[in-house]
Every structure is written in C-alpha cells, then in structure tokens.
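Student: with the input below, show me the fold.
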Amino acid sequence: MASFDFEQEKQAFRDFYEKNRKHLFAAKNIYVRLITSLIKRLGIDEVTKIEGRVKDKEECIKKFTRKYQNRLEVDEQPYEIRFFISDLIGIRIVCLYEDQIAQLSEMLQQHFRILDITDKISSVERTEELFGYKGLHMDLALNDEMASLPKYRPYADNFFEVQIRSLIQDAWSVLDHKIKYKKSIPIDLKRRINILSALFELADREFKEIRNATRELMQQETVAPIVEQPDDTPEAAISGGGSTNSKKLNAFNFLRIAGHFFRDFEFDDSKVDNFVNDILKLHSGFEKSDFHQCLNDNLSIVKEYHEHFLTENPDKAFSPFTLIRHCLYLYNREIFERILFKKTRGRFVDWLKEAQRNSM
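Tutor: Predicted coordinates for the structure are as follows:
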C-alpha cells in the first residue's frame with residue numbers, strides 16, 4: 001500500500017526485494033538469453049557483450065531518493081519505491097560500431113513493449129557540453145504475445161532496462177563514472193575532460209569509417225578481374241588508377257584469388273593478413289597476377305604431392321595455406337625458400353626428384 005512515509009516505504013521495498021530476489025535473477029537470465037537469441041537471429045555478429053544484472057536494493061533506494069522522493073513529497077503524492085525503479089533488472093548490450101545501436105533498438109522495439117526510451121546520444125550531441133557518456137536506454141516489458149507463452153508468463157510484470165552502447169561509448173562510460181564531483185570540478189579540468197570525450201567520439205567515428213572502407217575494398221575486389229588486363233588497355237588504366245584495384249598482393253585480392261582455387265574453404269581473416277605479410281616480406285613486389293599464375297601453374301603438382309603425403313601421414317593436416325606455401329616455393333625457389341620449413345622443404349624436394357625420375 002502506497003504511503004507518504006519514507007521509512008515505511010524503504011522497509012517495504014527491502015522486503016519486496018528479498019522476497020523476490022530469486023525471481024528477479026531468473027527474470028534477468030531469461031531476458032539475457034532471449035535478447036541473445038534475437039541478436040543472433042538478426043545476424044549482428046559484432047556484439048561484444050550481452051550481460052545482465054539485478055540492481056542492489058540499497059542503490060535502488062538511493063536512486064529513488066535522488067530522483068523522485070522530493071518531488072513526490074512536495075506534491076503530497078503517495079508512493080511505492082519499486083514502481084519508480086525501471087532498471088531494477090538491467091541488460092547491457094555492447095556492439096562494435098555506433099551505427100549498430102539503431103539496428104539493435106529497432107529489433108528490440110519489434111519484439112518487446114516499449115515503456116520509455118532515453119536517447120543519451122542525441123541529448124549529448126545537441127549541446128556544447130560534451131561531458132558525459134553516450135548510449136541508448138530503453139525501458140521494456142514483454143509484449144502480449146510473449147507474455148502469453150508458458151515459459152515467459154511468470155515474468156510478464158517484470159519490466160527491465162536495456163542499455164545499448166558501442167564499444168567506445170562503453171569504455172567512456174566506465175571512465176566517466178570514475179570521475180567524482182563532476183559538477184564541482186574547475187573549468188580548466190572540465191575542459192580537459194571534454195577534450196578526452198571528443199577524442200572518444202572521434203575514435204567511434206573512425207572505427208566505423210574504417211569498417212565501411214574495408215567493406216568497400218572487399219566489395220570492389222569481388223568485381224575486379226582476377227587477372228589484370230594488359231597495361232595498354234583502357235581497362236587496365238581504369239583498374240590501376242585507384243588504390244582499391246592495386247596490382248600488389250593484399251589481403252583483399254588474396255581472398256578473391258584463393259577463393260577461386262579453394263571454393264570450399266573459408267579463410268580466416270587474421271591468418272590471411274599475416275600470411276600475405278609473410279609473402280611480401282620475402283617478395284615485396286609480388287602482385288596479384290603473380291599469385292594467380294603461381295596457383296594456376298603449380299597447384300596441380302602440389303595436389304599430387306598432397307595425396308602422396310597424406311597416404312604416408314594420414315594423421316597429419318595439410319590445409320590450403322600449406323598448399324599455397326608449396327606453390328609459392330615452386331613458383332620461385334630462390335625467393336620463397338623460407339616459405340617452407342627446412343624439413344618440410346626437404347621432404348617436398350625429395351618427392352619432386354622422385355616424381356621426375358619416374359616420369360623419365
């Protein structure tokens with residue numbers, strides 16, 4: 001029963017909290033699993049964190065005191081503390097890029113009932129005062145369809161808050177919460193904090209731009225010819241004029257060419273980057289046309305060796321990266337001598353000599 005007695009309502013809230021503690025934690029776990037499942041279905045694989053918590057009961061009381069108590073008592077409005085704590089159950093979603101926040105928000109709005117939305121991104125961007133972290137806060141509840149399902153019905157009355165942030169925004173929020181007495185710090189110190197906040201915002205934008213540029217490079221490489229046109233043709237002039245169609249081997253055109261020869265293998269991005277770097281350390285001028293010729297001329301021979309090797313060593317692995325290393329060695333033994341370990345190289349050379357003798 002609502003009242004004007006703060007001490008009575010504090011105790012009532014503590015009693016409610018302890019009585020429902022297990023239920024609140026169960027609801028938190030249900031919401032984390034449900035949102036995780038929805039995000040996987042949406043296909044956003046760049047969500048770095050989905051975590052939940054039940055707010056400490058004393059923190060809830062402090063929040064009520066700070067935000068609501070004075071106004072309610074001035075208005076002589078009776079209250080129950082629990083109805084003013086929208087983040088008793090809280091879920092935090094951290095994604096890599098700021099523009100994914102809108103995608104996640106739209107997904108949540110489609111699957112839950114919206115009670116309130118606080119857009120701290122827009123509120124910060126509308127003011128010259130940069131002090132404070134960005135993020136999107138949404139107060140949610142199960143929609144009627146989900147609340148009617150037996151597994152979710154016990155949690156129909158448990159609303160919850162979801163905070164969505166980019167990785168940079170999340171890092172800034174952690175630092176921002178560590179800064180004490182923010183309203184009382186000197187102007188010069190506040191200015192330094194604002195500069196730091198701006199640097200975090202710039203980092204968020206730059207990460208997004210780098211991602212977009214990388215995607216564009218990948219997209220352009222998929223439509224570029226695998227083998228360069230002769231230099232005297234108009235096509236060559238067009239493709240050679242920009243950085244996206246560089247003749248030099250890079251991770252983007254490596255994936256295009258290697259994918260053409262190994263259609264059923266999914267190359268790991270980080271391994272490709274390191275592998276291309278290893279190639280260029282040995283041959284800094286190695287071009288994508290050289291790489292294509294290397295595989296085109298030598299892969300059939302290496303595959304024969306591959307079959308021979310696995311026959312004698314059935315427990316050993318021989319990945320496409322290993323096949324490519326052997327092709328590079330055949331392409332130019334002097335330059336790419338070190339692309340194979342000494343023992344591996346010796347075994348391959350012995351097989352080549354044996355294969356040559358058998359063909360005579």
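
Student: switch to C-alpha atoms for all contacts and neighbour counts from now on
Tutor: OK.

Student: find the helix or strand that the closest residue to Asp99 other than its chain neighbours is a member of.
Tutor: Leaving aside its sequence neighbours, Asp99 sits nearest to Lys208 (CA to CA, 6 or more residues apart in numbering; 7.8 Å). Using DSSP states H and E, Lys208 maps to helix 187-223.

Student: one more: Asp116?
Tutor: Under DSSP H and E, the secondary-structure element containing Asp116 is strand 112-119.

Student: neighbouring strands for that strand, and are they parallel or not?
Tutor: Note on strand 112-119: by DSSP bridges, its sheet partners are strand 136-142 (antiparallel).

Student: distance from the next helix or strand after the strand it pairs with to the middle of the chain?
Tutor: For strand 136-142, the succeeding helix or strand toward the C-terminus, using DSSP H and E, is helix 144-147. For helix 144-147, the distance between its averaged C-alpha position and the chain's averaged C-alpha position is 30 Å (CA atoms, centre = their mean, to the nearest Å).

Student: any chance you could map the helices in the stretch 251-360 of the chain?
Tutor: Remark: helices assigned in the stretch 251-360 of the chain by DSSP state H, counting those that start in this stretch are 251-261, 269-282, 288-312, 320-331, 342-359.

Student: wait, which of the ones you listed is closest to Leu140?
Tutor: Minimum separation from Leu140 across those (CA to CA) falls at helix 269-282, 37.4 Å.

Student: the closest one to helix 251-261, inter-axis angle?
Tutor: With axes from the mean of the first three to the mean of the last three CA atoms, to 10 degrees defining the directions, helix 269-282 sits at 100 degrees from helix 251-261.

Student: give me the contacts around helix 269-282.
Tutor: Residues external to helix 269-282 that are found in contact with it (CA atoms under 8 Å, 6 or more residues apart in numbering): 249-251, 254-255, 286, 335-336, 339.

Student: give me the buried entries from those.
Tutor: 249-251, 254-255, 286, 336, 339 (16 or more other CA atoms under 10 Å).

Student: and these as a markdown table, adding pLDDT and distance to Ile44?
Tutor: Formatted as a markdown table, the buried ones among the contacts of helix 269-282 follow (pLDDT from 0 to 100; distance: CA to CA, whole Å):
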| residue | pLDDT | distance to Ile44 |
| --- | --- | --- |
| Leu249 | 93 | 30 |
| Asn250 | 91 | 27 |
| Ala251 | 90 | 23 |
| Phe254 | 93 | 26 |
| Leu255 | 91 | 22 |
| Phe286 | 95 | 36 |
| Phe336 | 96 | 40 |
| Ile339 | 95 | 37 |
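
Student: just flag the most distant two among these.
Tutor: Distances among these were taken as CA to CA; the most separated pair is Leu255 and Phe336, at 20.0 Å.

Student: got phi/psi on Phe262?
Tutor: For Phe262, the backbone dihedrals (degrees, to the nearest 10) come out as phi -130, psi 80.

Student: ok, it - contacts?
Tutor: Pro320.

Student: go again using 10 Å as the cut-off
Tutor: The neighbours of Phe262, taking CA atoms under 10 Å, 6 or more residues apart in numbering as the test, are 255, 320.

Student: tell me the spacing between it and Leu38.
Tutor: Distance, Phe262 to Leu38, using CA to CA, to the nearest Å: 33 Å.

Student: output the below-cut-off pLDDT ranges for this protein.
Tutor: Applying pLDDT under 70 to the chain picks out residues 120-134, 180-183, 222-246, 360.

Student: ok, the spatially most central residue of the chain - contacts?
Tutor: Among the residues of the chain, the one closest to the centroid is Glu46, at 2.4 Å (CA atoms, centre = their mean). By CA under 10 Å, 6+ apart, Glu46 lies in contact with 39, 94-97, 100.

Student: likewise for Asn332?
Tutor: Counting by CA under 10 Å, 6+ apart, the residues that Asn332 touches are Cys294.

Student: dihedrals phi and psi, it?
Tutor: Backbone torsions for Asn332, taken as degrees, to the nearest 10, come to phi -160, psi 100.

Student: residue contacts, the nearest residue to Arg153 once chain neighbours are set aside?
Tutor: Beyond its immediate neighbours in the sequence, the residue positioned closest to Arg153 (CA to CA, 6+ apart) is Ala147, lying 4.8 Å away. Contacts for Ala147 were tallied using CA under 10 Å, 6+ apart; they are 112, 141, 153-157.
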